[in-house]
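> Whatever this is, show me its structure:
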Amino acid sequence: MKKIILSLLILTGLLIVSCEKADLSQEQNANNGNPLMQRQSSLFDYIESTNIQNGVQCENNILIFPSWDDYWNTIEELDVMIDADCDAFDATVPAGTSEDQYDVLADAVGFDEDNVLRKFEEDLEFCSLRRKIQGEEAAWLDQQGNGQWNPDEDPDNHFIDDETERSLLSYNAEVIIGDRKKGYTYYKFIDDEGSWIEVHNSDINIISQIVQQISQGNIPTNNPNVIVVVPKRDEQGTNSCKDKVKEVSYVAVGGDRLKRISKVRPAFGTNCSDPNNPCTSVFPSKIKAKTKGYRKKNGRWKAKRLWIAAGINGQNQPDQGSRFIDCVEENKDHKYKERCRRRVKVKLNSTTYIPQVGTPQRFNNALQNDKLFSYHKKGSLIVNKDFYDMPVD
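Purely as a prediction, here's the structure:
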C-alpha cells in the first residue's frame, strides 16, 4: 500500500492547508506531463484532482486514482482517520454529557465529524458529491414539516449512500481511474447496480472533450472509446436467499427524528487491467446499516448530533448474525457503533477477488430468513429488523 499519513498529529494538522504546499504541488504538476492536473493530495500522494468539461463550475471537479484498489483503500483509510479524530474528541467529553452540552464543547474546539472529509476535499480544491448533497439536504430539511417525509425527495438518499465515498466523487458521481503510462478511464455512475458510462483514452484532454458531450446529454455511443454499461441483473434466485435489498424509513422520537437506512448490494463490474493478477469486481458486495438524527431548531428541521446507534447483528443486538457467501458459505458477524453524531454507520464489504475457477464467482453477501438484522437506536427507541424482510430495491 502506498504511503498514507495517518498519525493523529498530522490528522490534527489537517485543519491547516498550507499555501506553500499548494505551490509545491503546482510546481510538481507542471513537470508531470499532464497539463490538466491541478493538485496532488498531500495526504494520499497517489490522488490527483483536475478540471474537465463535465458542466461543474469549480476549481477542480474530478479526482484521479491510479487503480480501483487505491479508490477503495482511500475510503477505508479515511474512515480510520475519521474514527480516530472523533474518538480523540470524545475522550475529552465528560461522561453523562447531554446532546446540547456536547454541541457546546464541540463548537468550542472546532470539532465536527466531517472535518477529515472537508479538509481532504479542500486540500485538493475539489467540489465533491458529499458537499453538493449536504447543501441540498439542508435546503430540503428546511422545508419539511411535522408530517410524513418522502424518502424519494430526500437528496441524502442518493444511490451513493456513503459520505466518505461521496468525498471521492464529483457532483455527477464521476471519477477517473488510471495514469499516463496505462491510460485513463472516466466513469460516470448511473446507479449502484453496475450501470455506468466509461470513456477510455491515454489523453485526458480528449476524455474531457468527450465528457463535455455527455454532460450535455449527448452520449457518443458511436465512439469506440465510449462504453455504456447496463448489466443484466439476475433474479434473486430461490425464495430462501436474497443479495439485494434496501429500506429507508423516518421515525419520530419525542421531538426528534431518526432516519434508518438499511442496504445490501451484490458485487458488480469486472476489472482485468492487471495481467499478472486475477480479475476483480469493481464494486464489492456491501451490507450497511446507518442511523441519522434530526432536530427542529427555530421552527426548522436540521441534521443534529444525537446519541444514536447502528448495528448489524442477529435477532438480538449482542448476538452475531449470519450472512451467506453466494447463498452457501455462512459467515458470522457483529457490528455495533453508538455515538453522539449526526450519523452513525456500520458496514460489511466482501472481497473483490474473482476466482478463475470454481465457486463462488463473486463472493456476494446474501441473506437468509431471520439470520441478519439491521439495528437502529436512540434512547428507548430500538428498531432491529431482519434484512431479509426488506424490499428488493
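> Which other helices and strands does the lengthiest helix in the chain contact?
If you go by DSSP state H, the chain has its longest helix at helix 68-90. Applying 3 or more Cβ pairs under 8 Å, 6 or more residues apart in numbering; DSSP states H and E, we find helix 68-90 packed against helix 8-12, helix 115-123, helix 163-166, strand 174-179, strand 335-341. C-beta coordinates here come from the backbone N, C-alpha and C atoms, glycine included.
> The last one vs helix 68-90, what angle?
In other words, strand 335-341. Angle between the axes of strand 335-341 and helix 68-90 is 50 degrees (criterion: axes from the mean of the first three to the mean of the last three Cα atoms, to 10 degrees).
> Remind me what strand 335-341 packs against, helices and strands.
With 3+ Cβ pairs under 8 Å, 6+ apart as the test, strand 335-341 has helix 68-90, strand 306-313, strand 343-349 packed against it.
> What of the fourth one?
Helices and strands touching strand 174-179, as assessed by 3+ Cβ pairs under 8 Å, 6+ apart, comprise strand 62-65, helix 68-90, strand 183-189, helix 204-215.
> partners of the longest strand seen in the chain, with directions?
Longest strand in the chain by number of residues (criterion: DSSP state E): strand 286-297. Take DSSP bridges as the rule and strand 286-297 pairs in its sheet with strand 256-265 (antiparallel), strand 300-303 (antiparallel), strand 343-349 (antiparallel).
> Touching, Asn223 and Gln209? I think so.
No - using Cβ atoms under 8 Å, Asn223 is not in contact with Gln209; the gap is 10.6 Å.
> Check the gap between the nearest residue in space to Ile62 that is not next to it in sequence and Phe189 for me.
Once flanking residues are discounted, Ile62 sits nearest to Ser170: 4.8 Å by Cβ to Cβ, 6 or more residues apart in numbering. From Ser170 across to Phe189, the span is 10 Å (Cβ to Cβ, to the nearest Å).
> what bits of the stretch 1-150 of the chain have low per-residue confidence?
1-37 (pLDDT under 70).
> could you point out where the stretch 151-300 of the chain is predicted with low confidence?
Within the stretch 151-300 of the chain, the stretches with pLDDT under 70 are 233-239.
> Where do the domain boundaries of this structure fall?
Using automatic domain parsing, the domain parsing of the chain gives 8-229, 245-389.
> Can you add distance to Gln368 and mean neighbour count and give the helices and strands packed on helix 68-90 back as a markdown table?
Output for the helices and strands packed on helix 68-90, formatted as a markdown table (distance: least, Cβ to Cβ, whole Å; neighbours: other Cβ atoms under 10 Å):
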| stretch | distance to Gln368 | mean neighbour count |
| --- | --- | --- |
| helix 8-12 | 40 | 13 |
| helix 115-123 | 35 | 20 |
| helix 163-166 | 28 | 21 |
| strand 174-179 | 34 | 22 |
| strand 335-341 | 18 | 18 |
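> Including distance to Lys263, could the ones you listed go into a markdown table?
Output for these, formatted as a markdown table (distance: least, Cβ to Cβ, whole Å):
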| stretch | distance to Lys263 |
| --- | --- |
| helix 8-12 | 29 |
| helix 115-123 | 20 |
| helix 163-166 | 13 |
| strand 174-179 | 21 |
| strand 335-341 | 14 |
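> Which of those sits closest to Tyr71?
Nearest to Tyr71, of all the helices and strands packed on helix 68-90, is strand 174-179, at 6.9 Å by Cβ to Cβ.
> tell me how far the longest strand of the chain is from the chain's mean position?
14 Å (Cα atoms, centre = their mean, to the nearest Å).
> what's the answer for stretch 90-103, then?
Distance of stretch 90-103 from the chain centroid (Cα atoms, centre = their mean) equals 27 Å.
> Go through stretch 48-58 and flag the buried ones.
48-54, 56 (16 or more other Cβ atoms under 10 Å).
> hang on, Glu174 packs against Ile190?
No - in this structure, Glu174 is not within contact of Ile190 by Cβ under 8 Å, at 10.8 Å.
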